[in-house]
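S.K.: Quick one: sequence plus predicted model below, questions after.
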Amino acid sequence: MTTSFPRLIARTALFVVLSALAVLNIYAQGSSARYIPTEQEKADLRVTNIINKAETHFKNGKLELENNRREQARDQFDRAMDAILDSGLDVRSYPRLREYYVQLTERIYREEVPQQQVTPQSVQNVQVAMNTQTQETPQVGFRDQKFEPSPLDELSKLVLTPEEQDVSPEDVGEIEVAKTTVDFSFDTHPLIQQFINHFQGRGRSTMEAGLRRSGRFMKMARQIFREEGVPEDITWLGQVESAWRPRAQSWAAASGLWQFIPGTGRTYGLRQTAWVDERNSFEKATRASARYLKDLAKHFNGDWNLAMAAYNTGQGNIDRAISRAGSANFWKIYPYIAQETKNYVPSILATILIAKNPEKYGFRNISREPPMSYDVVQVPNATSLQLIARATDTSVEYLREINPELRRDTTPRGEAYQVRIPGGKAKQFVALLNRIPGNARESADIVSVAPGEDLAAVARRTGISLAKLQELNGGAETATGNKIVVPKNSNVQQVILIRPKPVGAQPTATTAVTTYKARAGDTVAKIADRYNFSADVVARLNGVDPNAELQSGQEIKLPSSSAPSRRRGR
């Protein structure tokens, strides 16, 4: 059989085309096989999408700020944060996402508080801090307040040991009985006992410190939770969140006793400006926490366990876990939530059971610190803490301690402010403050003088004119108590009045101090009691709260005008 040349060419061409198509098909299949994304690539893509979404909201927020639409800008900034926190990813497990989140928090803060001016010295300090070996990023806007790490950071990494996981049926049965004393319902689970085991062992110091410090805030917290309709036992959430440290701050920029992130704090009325951050306040943040928990419980049909889980990880993440588990029960959604939240709820339940019966669990002789005692006084525009400290015989550091929401050593400019001062000092402070003209409060200081000394005597020995002293003291001619108002940075503090001693007077003991090194768990009140001193006197001498827990080895000054007499049996 013969084939014409044209037909041969056609068949050859057809063969070439079919062969090429086959090769392309094989290549396409091979190419497709080679480019199937790995799980890591999928995660990277998801992180990129989340960052892009957050960045879009951040840029929109900047545009709103440029148009002086601050509320709309805050909404966009909150959405930027929520894009990350509600993504369903454990941010700490993805270094790129975690780094972006920390940077985003910093950038939002800088945009929202443009009043915070950066001086050349502060820039130099930032550069020095960033060049240190620790590579710690300085806290922008917290020039004076110092922050402590949140216990949540450790909780997120906690892995229970085999010994801690060793739980008997009898242990579970005891929890079933003990939970009847708790004012909300929860399902018994071996993990609760496992966390009790943890707190009885390597977590004992954390539990003991928290039980002691809880005394400062528990009365207030229980009252507020009761007023807001939240079970009072849930106040122990504060121990897991912050270990009762008002200046605790987590890696995710959550802050205060109740660890509010910026967006949620604003949602519940906690102001964050260049002057104050009410997430670190006592009463306001506690009330905001109760209202947030109540809203979450309402969303989850009254289930306080799910409300606590959502408080930690976000409502959206719990909703997704419920959808995956097919059940609105904490122990059923347990496999679908982040590790921190897996630890979070059972650790709170364990804390509640221990706190309600500490002796049963081996926590004996835990002396809870007394509730914080302070007066609240309204001060006018931009009143310095230095002036308040001198007027109330305390230190700036102690005022920071009881006013942790203040970002600076000055109350907010442009508004009156309710400031906390040492208990029992309100009458003295108000009387002194009322004598200072409003326009002189930023340029004035307060100092102590010899009892009974009048302004004319002070003027003679310091060189400050009597007219100036009278102007700063409301026209008075005598001091309020043993205090007067003087120009800031004056030399009054360096001039000591020594009255002549009457003839034949006996010499008096000179006032001096000795130092004492604190032991773990010590407070000024405990040390003062141990050596028969007044706790208030020792606290003022050291400028600290009488009930503040001291670091082991911290040096504390004690009066030594007479030798301290240590009590027997101490």
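M.R.: Looks like it arrived, so ask away.
S.K.: what packs against the helix or strand hosting residue 111?
M.R.: Assignment of secondary structure by DSSP states H and E places residue 111 within helix 95-112. Counting contacts by 3 or more CB pairs under 8 Å, 6 or more residues apart in numbering; DSSP states H and E, helix 95-112 is packed against helix 39-66, helix 70-85, helix 262-267. Bear in mind the C-beta positions are built from the backbone N, C-alpha and C, glycine included.
S.K.: which regions of the stretch 351-500 of the chain sit below the pLDDT cut-off?
M.R.: 439-442, 479-481, 489-500 (pLDDT under 70).
S.K.: In it, mark out all the helices, start to finish.
M.R.: 385-391, 396-402, 426-434, 455-462, 466-472 (DSSP state H, counting those that start in this stretch).
S.K.: So which of the ones you listed is nearest residue 160?
M.R.: For residue 160, the closest of the helices of the stretch 351-500 of the chain is helix 396-402, at 34.7 Å, according to CB to CB.
S.K.: Counting by contacts, list what the closest one packs against.
M.R.: helix 385-391, strand 417-422.
S.K.: For that helix, buried residues please.
M.R.: Residues of helix 396-402 classed as buried: 396-402 (neighbour count, 16 or more other CB atoms under 10 Å).
S.K.: Same question for stretch 372-381.
M.R.: Result for stretch 372-381 [16+ other CB under 10 Å]: buried residues 372, 374-375, 377, 379, 381.
S.K.: Would you convert those residues into JSON lines that also reports distance to residue 341?
M.R.: Shown next, in JSON lines, are these (distance: CB to CB, whole Å):
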{"residue": "372", "distance to residue 341": "31"}
{"residue": "374", "distance to residue 341": "35"}
{"residue": "375", "distance to residue 341": "40"}
{"residue": "377", "distance to residue 341": "41"}
{"residue": "379", "distance to residue 341": "42"}
{"residue": "381", "distance to residue 341": "44"}
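S.K.: Closest one to residue 39 out of these, please.
M.R.: residue 372 (50.5 Å).
S.K.: Apart from its chain neighbours, what residue comes closest to that closest one?
M.R.: The shortest distance from residue 372 to any non-neighbouring residue, by CB to CB, 6 or more residues apart in numbering, is to residue 216 (4.9 Å).
S.K.: Hmm, that neighbour is touching residue 401, no?
M.R.: No: checked against CB atoms under 8 Å, the pair residue 216 and residue 401 is beyond contact range at 10.7 Å.
S.K.: Of the buried residues of stretch 372-381, which is the nearest to residue 275?
M.R.: Taking CB to CB as the measure, residue 275 sits nearest to residue 381 out of the buried residues of stretch 372-381, at 10.9 Å.
S.K.: Packed most tightly, which of the helices and strands packed on helix 95-112 would that be?
M.R.: helix 262-267 (a mean of 21; mean count of other CB atoms under 10 Å).
S.K.: coming back round to it: looking at the buried residues of helix 396-402, which is nearest residue 98?
M.R.: Looking across the buried residues of helix 396-402 and measuring by CB to CB, the closest to residue 98 is residue 400, at 29.7 Å.
S.K.: okay, the helices of the stretch 351-500 of the chain in JSON lines with distance to residue 482 next?
M.R.: Shown next, in JSON lines, are these (distance: least, CB to CB, whole Å):
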{"stretch": "helix 385-391", "distance to residue 482": "12"}
{"stretch": "helix 396-402", "distance to residue 482": "20"}
{"stretch": "helix 426-434", "distance to residue 482": "10"}
{"stretch": "helix 455-462", "distance to residue 482": "11"}
{"stretch": "helix 466-472", "distance to residue 482": "15"}
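S.K.: Mean neighbour count, those helices: which tops it?
M.R.: helix 385-391 (a mean of 22).
S.K.: what packs against it?
M.R.: Partner elements for helix 385-391 (3+ CB pairs under 8 Å, 6+ apart): helix 396-402, helix 426-434, strand 444-448.
S.K.: Could you export these as CSV, including distance to residue 526?
M.R.: CSV is the format used below for these (distance: least, CB to CB, whole Å):
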stretch, distance to residue 526
helix 396-402, 17
helix 426-434, 27
strand 444-448, 29
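S.K.: Select, out of these, the one closest to residue 203.
M.R.: helix 396-402 (26.2 Å).
S.K.: Report the distance from the closest one to the chain centre.
M.R.: Relative to the chain's own centre, helix 396-402 is displaced by 15 Å; criterion: CA atoms, centre = their mean, to the nearest Å.
S.K.: what does stretch 256-276 give?
M.R.: On CA atoms, centre = their mean, the centre of stretch 256-276 falls 10 Å from the chain's centre.
S.K.: wouldn't residue 171 be in contact with residue 192 here?
M.R.: No: Residue 171 lies out of contact with residue 192 (CB under 8 Å); the separation is 9.3 Å.
S.K.: Between these two, point out the one with more neighbours.
M.R.: Between residue 171 and residue 192, counted using other CB atoms under 10 Å, residue 192 has the larger neighbour count: 25 against 16.
S.K.: does that one really touch residue 350, like I thought?
M.R.: Yes: the pair residue 192 / residue 350 is scored as a contact, 5.4 Å apart, by CB under 8 Å.
S.K.: Can you measure across stretch 413-424, start residue to end residue?
M.R.: With CA to CA, to the nearest Å as the measure, stretch 413-424 spans 26 Å from end to end.
S.K.: returning to what we had before: out of the helices and strands packed on helix 385-391, flag the one nearest residue 337.
M.R.: helix 396-402 (35.8 Å).
S.K.: Residue 375: what's it in contact with?
M.R.: Residues in contact with residue 375, defined by CB atoms under 8 Å, 6 or more residues apart in numbering, are 420-426, 429.
S.K.: So in terms of bridging, what pairs with it?
M.R.: Under DSSP bridges, the beta-bridge partners of residue 375 are residue 421.
S.K.: contacting residues around residue 267?
M.R.: Taking CB under 8 Å, 6+ apart as the test, what residue 267 contacts is residue 78.
S.K.: Can you tell me the SS state at residue 516?
M.R.: strand (DSSP: H, G, I helix; E, B strand; the rest coil).
S.K.: State the distance from it to residue 286.
M.R.: 34 Å (CB to CB, to the nearest Å).
S.K.: between the two, who's got more neighbours?
M.R.: A direct count of neighbours by other CB under 10 Å for residue 516 and residue 286 places residue 286 higher, at 23 against 18.
S.K.: what are the ranges of the strands in this structure?
M.R.: 148-149, 248-249, 374-379, 417-422, 444-448, 483-487, 513-517, 555-559 (DSSP state E).
S.K.: and the third one, C-alpha only, in PDB?
M.R.: Read it as strand 374-379. The C-alpha atoms that make up strand 374-379 are tabulated as PDB, following Å, rounded to 0.1, in the frame of the first residue of the first chain:
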ATOM      1  CA  TYR A 374      -6.100  55.000 100.300                       C
ATOM      2  CA  ASP A 375      -8.100  58.200 100.000                       C
ATOM      3  CA  VAL A 376      -9.300  59.500  96.600                       C
ATOM      4  CA  VAL A 377      -9.000  63.300  96.100                       C
ATOM      5  CA  GLN A 378      -9.800  65.400  93.000                       C
ATOM      6  CA  VAL A 379      -6.900  67.500  91.800                       C
END
